[in-house]
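K.L.:
Here you go, sequence then predicted model.
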Amino acid sequence: MKFITALLLTALLGFAAPLYFAWWSFAITSLVVALAIHQKPLRAFIAGFLGVFLLWALHAMFLDNANDHLLSGKVALILPLNGSYGLLIFITAFLGGLVSAFAALTGSFARGGIKH
Amino acid sequence: MRIVPFIISAVVTTVLIVALNTQLPVNGGKTPRLGYFLSPQKGFWKNAEPVDVSFNGDFKSDQLQGNASVYLDERLVPHVYADNEHDVFFIQGYLHAKFRLWQMDFQTYAAGGRLSEIMGDSANGTNFFKIDQFFRRLGMVYGAENSLKAIEADAETKAVCDAYTQGINAYINSLDESSYPLEYKLLDYKPEPWTNMKSSLFLKYMSWDLAGFEDDFEKTNAKSVFTKEQYNALYPYGRDSLDPINPKGTPFKMAGLNLAPPQQADSLYFNYKATVAPAGEQEKPNKNNGSNNWAVDSSKTKSGKPILCNDPHLGLNLPSLWYEMQITAPGFSAYGASFPGAPSIVIGFNDSCAWGFTNAGRDVRDYYEVKFKDSTMQEYWYNGEWRKAAMRDEIIKIKGKASDTEHIAMTVWGPVMYDMHYPDKLNTHKTYACRWKAHDASNELKTFYKLNYAKNYEDYLAAISTYQCPGQNMIFASKKGDIAIKQQGQFPAKWKGQGDFIMPGDDSTYAWRSYIPDSANLVMHNPTRGFVSSANQMPYDTSYPYYLGTDNYPLYRGFIVNRNLRSMQNITTDDMEQMQTSNYNVFAEIARPVLLKYLDQSNLGDDEKNYLNILKNWNLESNADEKGPTVFNVWWDSLMTTVYNDEFAQTTLPLVWPNESTLVDAILKDSAYLFADDITTTAKETIADDVNAAFKKAVVMLQKTEARSNLEWGKFKASGIRHLLRLPAFSRLNLVSGGGDHIINDYTQFHGPSWRMVVELTDKTNAYGIYPGGQEGNPGSKYYDSFINDWLVGKYYKLLFATKSEMEQQTNLKGKITFSKS
């Protein structure tokens, strides 16, 4: 239950924060979620990862579908990912997830540190 | 204690964020800030425009003075209806920015020598710093400052520019980092506020593109390699086969001006075979920046009304140079192609008339060799005394590095372009000042602005009368039945040969003494032949009393345009579209018989016979699927090399390659051609020897081409339309298409008809047009390149020149934006 709550909160706040702040501001909210909902480091890490990974993947997929993959196909040539929009969406989501995961891990360790 | 893992993960998180928030070097370029770029909320995903996007909107601003509506039609062409002039140009600026902001901004960075600011000093093999230096030292900013003064000194154009700039800035102010155009995110910079100066810079860029061509250094070098006789044979003045814009035999008034060369010119200036010294690549506008325009009068058309046609040939880029729109305010409604970066419709029509342009191509950029007292460059020798030079400092900011300052000495001639800090292309280590017409204060916008309002022939003449640079062949047709053309511009009255070479800068008698009076810029109005036309050929024959410069004028498009128009009757807009997209190669019509006449056709191998038959059976249409044009072009190029390479190899410094027409004219006139002999052999070669040797070499190349399955002309030409950053992913490459040099459809590899327009001036205007691009500059939009496929096959769109109530009834609009005063 804690895991699901943390994941959803990570996603929700990870969406809300960049509306007002820099792209990476979700890292702060992911850390705060891990502080507030204490889980073991690995679980916090995974919840943090999945929260933003799923958020970014779904968001990118939504925009990409509405665009008929026009732009993703081109950007995936520049980056270069052989024109694969699927791979581009995965990399997008993975990088977002990774930042969030380490931020959550940091939060989990911080809370752990305070407790002991 | 979990303090150690806490610190480690905090550090990892921070490093990750910093790395994803930094531009990382890769392959000679830099990545975007990947975290920002990939963020679906901020980065490029936000530029992925939904394919079914609606452009409805409501914009309020206290800068607007009334109410206006914009209807975006099926092709995303906006039709603007404003109740006052200020608002119509405000909205034009707003829409240019909304659909083309990055391009407009980037073009002014290029024009103002500021690319290093956003690209760094070099990236992916392009030296941006060098390009910036070139434009600064040429005096682009200096010229734009001067012209801005002229634009702002005129109350009308100042008001128009102010409104236009306000509109652009209103759009820019609505943006944030998530809504910036894609290229800003890719290159990681931000849009800066627009200014009237940026419009002026953009117009100077067009001046550079259209009136920046010169080859004074190359020809000065040629003078050192060739004798006078050879020189004149390579670069002749005027041609027998010329069909000028104003027909041969047009009477001219004698020039009232002194056009005698300076006294010492024979020894100091026309000194063929003297010496100069290694060379570097220079920025040069494309010599093929040509165009066609023509208008036929009521006697020649089926409808009994004039038809005007124009297709300016320019570098084809994405986003396109042009943006199509209709703008309407009290007093006028104009439709056509506009420049994102400048107010008004540039090429188009209104309810009374139509107008268009081709480039005049006159040489208005010369160099003077200036002697400075010492390396501080404070004083230079002029008319027998030392004269003080002003110093202009231009600061080039460089991304990630310290700024550079270019100290440019300003002389009576103009800015010192080349000096010890910036060597000329002949590496003489001397100092050269540049005199360029585009340095002068002039207000070209006024012409476009007044044409938008023009009602008749007199209005047309008045609108173009103040126009100075770049010189243009300005064509006109009206519903009242008038057709007209005038080569308009302020052109220096040169003595014969003036400015072909670098001139002495210590003697005022070498200056441009005055300008050709406007009365000598002839206008052709309703000629009895029933048509007017231009295709960048010489405007007059060589009996024109003023010197027109040598050999920068293409011959054949003008020739075929006039030949077609002379014979055509009962013309319809369909006929005009077919002519505008015609791939007939009149140069090959003239040159093929020369090749065939001199070729020894006995003892040919199978491949040789095969290629010869392809050429013989070719219908002279340079269509994409024909092999004939490939064989012809390869053979002709090979002949040019065979004939001229030996003479041109006498110098390692840059020379000007002769025109193809020079060779064919020369062979037709005299089979014992001066350059036929290979000067590196003891034998005495003839033209026949050259044609046969060229054929053998051509066959080898054709075999290689065929092995790659590229013998069809469209594949061989490998045309494309490139993104301004030359990113293949944002470009359309390997487009299979016909056309080429000397052909009305002058589509070479990356140059071609940038806007094709046909306007029939019937009571209800009947107009067609297309450009190779799309209305949106965003590579993430389906409107980015939506016209290209139709353009390639020669299709046109019916142009919807509509009233507001007609637009209200349209059922396939892509959106309606209302503008009102808040």
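P.N.:
Noted; the coordinates are in hand. Numbering: from 1, shown residues only, chains lettered A, B, ... in the order given.
K.L.:
Helix or strand for the residue positioned nearest the centre of chain A, just tell me which one.
P.N.:
Nearest to the mean C-alpha position of chain A, by CA atoms, centre = their mean, lies residue A:52 at 1.9 Å. Assigned by DSSP states H and E, residue A:52 belongs to helix A:41-66.
K.L.:
now the angle between helix A:41-66 and the helix or strand following that helix, please.
P.N.:
For helix A:41-66, the following helix or strand on the C-terminal side (DSSP H and E) is helix A:70-78. Going by axes from the mean of the first three to the mean of the last three CA atoms, to 10 degrees, helix A:70-78 is angled at 120 degrees with respect to helix A:41-66.
K.L.:
any idea of the mean pLDDT for the helix holding residue A:52?
P.N.:
Averaged across helix A:41-66, pLDDT comes to 97.
K.L.:
which intervals of chain A have sub-threshold pLDDT?
P.N.:
A:113-116 (pLDDT under 70).
K.L.:
repeat that with 90
P.N.:
A:1-2, A:38, A:79-80, A:110-116 (pLDDT under 90).
K.L.:
returning to what we had before: which elements pack onto the helix holding residue A:52?
P.N.:
helix A:2-20, helix A:26-36, helix A:70-78, helix A:85-115 (3 or more CB pairs under 8 Å, 6 or more residues apart in numbering or on different chains; DSSP states H and E). All C-beta atoms are positioned from the backbone trio N, CA, C, and that covers glycine.
K.L.:
could you redo the last one with a cut-off of 10 Å?
P.N.:
Applying 3 or more CB pairs under 10 Å, 6 or more residues apart in numbering or on different chains; DSSP states H and E, we find helix A:41-66 packed against helix A:2-20, helix A:26-36, helix A:70-78, helix A:85-115, helix B:3-20.
K.L.:
What is the burial count for residue B:223?
P.N.:
21 (other CB atoms under 10 Å in any protein chain shown).
K.L.:
need the residues of the stretch 701-822 of chain B near chain A, please.
P.N.:
Taking CB under 10 Å from any CB of the partner chain, the part of the stretch 701-822 of chain B that reaches chain A is made up of B:723, B:727, B:728, B:729, B:730, B:731, B:778, B:779, B:780, B:781, B:782, B:784.
K.L.:
returning to what we had before: and the helix holding residue A:52, how far out from the chain's middle?
P.N.:
5 Å (CA atoms, centre = their mean, to the nearest Å).
K.L.:
quick one on the thing from earlier: could you find the closest non-adjacent residue to the residue nearest to the centre of chain A?
P.N.:
What sits nearest to residue A:52 in space, not counting adjacent residues and going by CB to CB, 6 or more residues apart in numbering or on different chains, is residue A:100, at 3.6 Å.
K.L.:
Next: residue B:207.
P.N.:
In space, residue B:207 is closest to residue B:438, 3.9 Å off (CB to CB, 6+ apart).
K.L.:
I figured that neighbour was touching residue B:135, is that so?
P.N.:
No: applying CB atoms under 10 Å as the test, residue B:438 and residue B:135 come out as separate, 11.6 Å apart.
K.L.:
Those two - which one has more neighbours?
P.N.:
residue B:438 (28 against 23).
K.L.:
Tell me if I'm right that the residue nearest to residue A:52 and residue A:27 touch.
P.N.:
Yes: using CB under 10 Å as the test, residue A:100 is close enough to residue A:27 to be in contact (6.5 Å).
K.L.:
Compare those two (neighbour count), which wins?
P.N.:
residue A:100 (32 against 28).
K.L.:
check contacts around that one.
P.N.:
By CB atoms under 10 Å, 6 or more residues apart in numbering or on different chains, the contact set of residue A:100 is A:10-11, A:14, A:24, A:26-27, A:29-31, A:33-34, A:45, A:47-53, A:55-56, B:13.
K.L.:
And residue B:596, by the same measure?
P.N.:
B:612, B:615, B:616, B:691.
K.L.:
Local confidence estimate at it?
P.N.:
Confidence for residue B:596, expressed as pLDDT, is 96.
K.L.:
Near chain A, which residues of the stretch 151-300 of chain B are found?
P.N.:
B:177, B:178, B:182, B:186.
K.L.:
Check which helix or strand the nearest residue to residue B:273 once chain neighbours are set aside maps to.
P.N.:
Excluding the flanking residues, the one nearest residue B:273 by CB to CB, 6+ apart is residue B:224, at 5.9 Å. Using DSSP H and E, residue B:224 maps to helix B:216-225.
K.L.:
Off-centre distance for the helix or strand that that helix is followed by?
P.N.:
Moving toward the C-terminus from helix B:216-225, the next helix or strand (DSSP H and E) is helix B:228-234. Using CA atoms, centre = their mean, the mean C-alpha position of helix B:228-234 is found 29 Å from that of the whole chain.
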